[in-house]
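Engineer: Dropping the sequence and predicted coords here.
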Amino acid sequence: MFVLRVIPLASLPATAPGVLDYFWSAPLPIGSVVRISWGRRQSPAVVTNCIDVRRAKLAVKKSSFALKPIDAVLIDTPQATESQIALAQWLATYYAASPATSLKTVLPPFFGKPKHRVTLPESPKLGAAVPTGTFVLTQPDTAIAELRTVIARSDGPVLIIAPERSTVEHLAHHLADTGPTVFHSGLSTTAHAALYRAVIAREARVVIGTRGALFLPWTALSHLVIEDPLSEIYKSESAPRYNTPDVARQLAAHHCARLTWISPAISTVHFHLKENGALRVVDHKPHWPTVETVSMEHERRDGNRLLLSRKAQDAILDAYEDRSPLLVLSARKAYATALRCARCHSSPRCANCRIPLRLHRTVEDMLVCYHCGAFHQVPKQCPSCASGPLKPAGTPGSQKLAEAIRTLLDRYGHSAGKLPILDGDLVRNERDERAVLDAFNAMGRPMLVASSMIFGHRYQRTFSTVIIPHIDALAANPDFRTNERLVAQLERIADLRPSRIIIQQWHDDELLDVTGRAWDKLYRDELAQRKMLRWPPYTRLVKLSVRHRDRRAVGRLATVGADRLRRAIDHMGATARSGTSILGPSNALIEHARGEWTQQIILKTSLTGERLPELLAYLPPGWLVDVDPRSIA
């Protein structure tokens with residue numbers, strides 16, 4: 001008789017344990033698939049452990065419940081590697097997620113289907129030491145050289161993770177002679193399954209992919225590379241809301257693989273590790289362009305009421321005449337962030353989300369909610385005071401900047417035509433993105449207005465001049481990581497290899513000194529402040545959110561949740577009390593979205609391992625848990 005520990009591939013009630021025990025007459029390997037029953041429901045489940053009952057008699061006797069047999073064995077051979085199962089268990093523990101959700105995240109969509117069954121070799125013993133790796137600061141050309149070195153020196157499979165598909169394809173193009181296999185979410189089921197089998201057979205020596213490639217059935221891994229680990233795309237938006245670099249470290253530990261971070265910038269946390277001697281940092285990024293900062297307050301006082309400073313105008317005209325490529329980096333999408341009434345200063349808001357609607361200029365003007373995607377017609381007069389018409393306001397978007405450039409060129413008798421615009425609101429898919437870049441390539445005098453989407457093409461695009469019309473908007477983020485994010489943006493801009501960057505500053509508040517790459521003082525000041533306020537890396541953050549259609553009801557739910565957490569912290573002892581604090585509850589930055597009100601709690605805690613899920617188990621059902629959130633706003 002054998003005790004089988006299984007994770008069901010179905011959602012269980014919030015109060016039910018995520019891992020269940022059953023018995024069977026014969027042993028089953030880890031990764032095999034069985035059918036189980038609980039209550040009136042049946043579900044397939046994956047075996048995560050198999051214990052001879054003779055070795056666990058005492059535990060079985062002390063159990064408060066009677067073990068049931070499984071209903072049937074569906075697949076008696078391993079269909080998931082021990083590394084995949086260990087990753088799922090780690091995701092569930094670290095991110096306080098359900099084991100079922102974590103396992104389904106790791107397994108492929110075709111898992112268990114007869115035509116895609118696999119034969120796995122015996123899994124090697126998993127390593128335990130989690131590496132910090134080597135952090136290499138690079139620009140695109142030195143990044144490619146570093147990747148070639150990694151591949152040449154590796155005696156086994158190499159996995160390279162990039163944040164988005166465009167970067168994956170650029171890297172595969174530059175490394176085509178190494179025979180890479182590409183992985184991304186756009187692969188067909190057939191192609192995904194073929195790669196799955198190739199990884200099992202160790203036929204895929206170099207795999208370049210997005211974050212899902214971490215969950216392929218690796219049975220051996222020599223080297224793991226994370227490209228641009230500071231990218232916010234690496235944070236999963238759905239449960240278990242994992243952060244890709246952290247998962248990569250776990251995978252590297254399982255296979256005792258070398259770990260390399262290839263990045264345009266260093267984060268505060270990585271700088272902290274470097275200062276403590278826990279991380280080796282190599283700087284292969286010598287290029288830093290000439291940076292010129294323009295005060296738009298001074299421009300206004302000197303009579304310039306345009307969106308572009310005189311220095312930016314001259315740069316645009318010079319680029320036009322020299323036929324040199326120019327980029328205008330927009331901090332906002334579409335035309336304008338809002339429409340505003342000149343009389344009462346109100347702005348049309350989304351009925352679902354209560355946030356100002358963004359103005360789009362297409363065949364006809366439209367108002368769009370950037371949160372829920374709802375479209376609205378532009379009102380002919382102010383909905384609040386019936387005066388009108390409404391005028392564009394707020395930070396100018398990419399369409400308005402393109403309009404300002406065309407107006408400038410027309411004033412000097414230059415024919416600009418339609419300027420290509422690359423931003424996520426106007427470019428909906430890969431075909432649109434390719435069309436914009438093709439239009440840019442076909443221009444005799446290449447000029448592009450783009451949002452941060454352009455950074456996904458920094459391995460193939462270069463510009464002689466970059467203009468940032470609104471640096472304040474790039475830095476305007478109510479979060480403790482604001483300066484760190486701005487540094488990363490500036491370093492990615494430098495990766496486009498301009499000889500000159502013109503930065504327009506609209507408010508004369510103190511901003512970063514960006515004339516050189518002297519970030520050490522910034523990071524040391526950041527760390528001192530974070531230590532005083534108990535922000536990462538000196539503590540962990542957990543953002544807890546609850547939603548309800550009734551505003552009063554969501555306030556009651558948030559209060560009850562905070563009270564339960566406080567009682568749980570007291571119950572868990574002195575360590576929890578001294579290392580955990582609760583901020584809130586408070587309204588979320590977008591407090592009303594898609595018809596629901598949202599309140600949130602920020603948890604600062606030093607709890608690790610199983611203790612964090614133990615604390616969060618005291619929350620009532622319905623709370624959203626985000627460990628290590630991208631933003632606390």
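Structural biologist: Nice, thanks for sending it over.

Engineer: And the helices in the stretch 351-500 of the chain?
Structural biologist: For the stretch 351-500 of the chain, the helices defined by DSSP state H, counting those that start in this stretch cover 398-411, 430-441, 471-475, 482-494.

Engineer: and the lengthiest helix in the chain, how far out from the chain's middle?
Structural biologist: The residue-count maximum for a helix in the chain (DSSP state H) belongs to helix 551-571. Here helix 551-571 is found 29 Å from its chain centre; the criterion is Cα atoms, centre = their mean, to the nearest Å.

Engineer: Point out where the chain drops to low pLDDT.
Structural biologist: Applying pLDDT under 70 to the chain flags residues 14-15, 56-66, 475-478, 509-512.

Engineer: how is it carved up into domains?
Structural biologist: What automatic domain parsing lists as the domains of the chain is 1-77, 134-284, 290-333+397-527, 540-627.

Engineer: related to what we said a few turns ago, export the helices of the stretch 351-500 of the chain to TSV and tack on distance to Leu221 and mean neighbour count?
Structural biologist: (Each C-beta comes from the backbone N, C-alpha and C, glycine too.) Formatted as TSV, those follow (distance: least, Cβ to Cβ, whole Å; neighbours: other Cβ atoms under 10 Å):
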stretch	distance to Leu221	mean neighbour count
helix 398-411	41	19
helix 430-441	29	14
helix 471-475	37	20
helix 482-494	27	21
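
Engineer: Same list, these, but as JSON lines with distance to Tyr523 please.
Structural biologist: Shown next, in JSON lines, are those (distance: least, Cβ to Cβ, whole Å):
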{"stretch": "helix 398-411", "distance to Tyr523": "31"}
{"stretch": "helix 430-441", "distance to Tyr523": "34"}
{"stretch": "helix 471-475", "distance to Tyr523": "16"}
{"stretch": "helix 482-494", "distance to Tyr523": "8"}
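
Engineer: Relative to Phe215, which of these is closest?
Structural biologist: helix 430-441 (22.9 Å; Cβ to Cβ).

Engineer: Show me what the closest one packs onto, helices and strands only.
Structural biologist: Secondary-structure packing of helix 430-441 (3 or more Cβ pairs under 8 Å, 6 or more residues apart in numbering; DSSP states H and E): strand 421-422.

Engineer: Check the offset of the strand it packs on from the chain's centre.
Structural biologist: Relative to its chain's centre, strand 421-422 lies at 22 Å (Cα atoms, centre = their mean).

Engineer: Which neighbouring elements make contact with it?
Structural biologist: helix 398-411, helix 430-441, strand 447-450.

Engineer: Just the residues contacting the longest one, thanks.
Structural biologist: Residues external to helix 398-411 that are found in contact with it (Cβ atoms under 8 Å, 6 or more residues apart in numbering): 306-308, 313, 316-317, 320, 328, 330, 332-336, 360-361, 392, 396, 415-416, 419, 421-423, 426, 447, 449-451, 469.

Engineer: For the longest strand seen in the chain, enumerate the helices and strands it packs against.
Structural biologist: Of all the segments of type strand in the chain, defined by DSSP state E, the longest one is strand 580-593. Secondary-structure packing of strand 580-593 (3+ Cβ pairs under 8 Å, 6+ apart): helix 551-571, strand 596-605.

Engineer: Deepest in the core, which of those is it.
Structural biologist: strand 596-605 (a mean of 20; mean count of other Cβ atoms under 10 Å).
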